[in-house]
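S.K.: The amino acid sequence is not available; the structure is as follows:
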């Protein structure tokens, strides 16, 4: 009987020691930063007619319109760590573009008060009167009748459902799965004298539910002269 009790106690002590022993499992590296250097960062260059534009002292950029109907923003995204790169070295990055500058009625332009990517997409801006020509409209009015075009390269669909949960996924322009994103933005002589604010959001790690994500935002002020 005593031997049986000793055996039971020995078995229980073994279980307890296993439970209390420090784990030998290493922390899964996929939950660290998605970028090799820890902090994810991107750099961008404004380009017109194949020539890079240097910033002014205040950080803005002057583009002298010379007939070419677009300018470019070229980028360089941080390299991602191996856990966040698919086969064939395809990084899970989404570079998104937006501006505060819209065109409607084929040629009339207007700007909206916004300070970030899709920052105009909120109840206040959607229902704020916007002077266009001799009239005033709201974004809600325009979406229902004359869907405006954003010079970042997207048009808001006719009768766009602004309250639908998927709404933000079908507006804005994207350059996905690349370390060197490039986006063309519309430009014409009607924009001379105007100022454009360009908003870029870079999502590092777009795989839902996998590891960690970093989101970085950048703003550029463009003066068309």
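M.R.: It's in. Just so you know, these numbers come straight off a predicted model, no measurement behind them.

S.K.: Tell me the bridge partners for the residue sitting nearest the centre point of the chain.
M.R.: Taking C-alpha atoms, centre = their mean as the criterion, residue 201 is the residue nearest the geometric centre of the chain, at 2.7 Å. Using DSSP bridges, the bridge partners assigned to residue 201 are residue 96, residue 217.

S.K.: Verify the contact between it and residue 219 for me.
M.R.: No - at 10.2 Å, residue 201 does not count as touching residue 219 under the criterion of C-beta atoms under 8 Å. C-beta here means a position set from N, CA and C on the backbone, and glycine is covered the same way.

S.K.: Now list whatever residues contact both of those two.
M.R.: Among the neighbours of residue 201, those also in contact with residue 219 (C-beta atoms under 8 Å, 6 or more residues apart in numbering) are residue 116.

S.K.: wait, what's in contact with residue 203?
M.R.: Listed by C-beta under 8 Å, 6+ apart, the contact set of residue 203 reads 93, 94, 95, 96, 213, 215.

S.K.: which non-adjacent residue is nearest the fifth one?
M.R.: What it means is residue 213. Spatial nearest neighbour of residue 213, chain neighbours left out: residue 205 (4.4 Å); criterion: C-beta to C-beta, 6 or more residues apart in numbering.

S.K.: roughly how far apart are the one you found and residue 170?
M.R.: 21 Å (C-beta to C-beta, to the nearest Å).

S.K.: Compare the two (neighbour count), which wins?
M.R.: Neighbour totals were compared for residue 205 and residue 170, and residue 205 leads with 24 against 12 (other C-beta atoms under 10 Å).

S.K.: Residue 85 versus that one, what's the distance?
M.R.: Applying C-beta to C-beta to residue 205 and residue 85 gives a distance of 10 Å.

S.K.: hey, what's in contact with both of the two?
M.R.: With contacts taken as C-beta under 8 Å, 6+ apart, the residues that reach both residue 205 and residue 85 are residue 92.

S.K.: about what we covered before: just the contacts of residue 203 now: which is nearest residue 129?
M.R.: Within the contacts of residue 203, proximity to residue 129 (C-beta to C-beta) peaks at residue 96, which comes in at 27.6 Å.

S.K.: Next one: that closest one from residue 42, what distance?
M.R.: 11 Å.

S.K.: shared neighbours of these two, which are they?
M.R.: For the pair residue 96 and residue 42, residues contacting each of them under the criterion C-beta under 8 Å, 6+ apart are 200, 202.

S.K.: For the two, indicate the residue with more neighbours.
M.R.: Neighbours of residue 96 and residue 42, each counted by other C-beta under 10 Å, are more numerous for residue 96; the result is 22 against 19.
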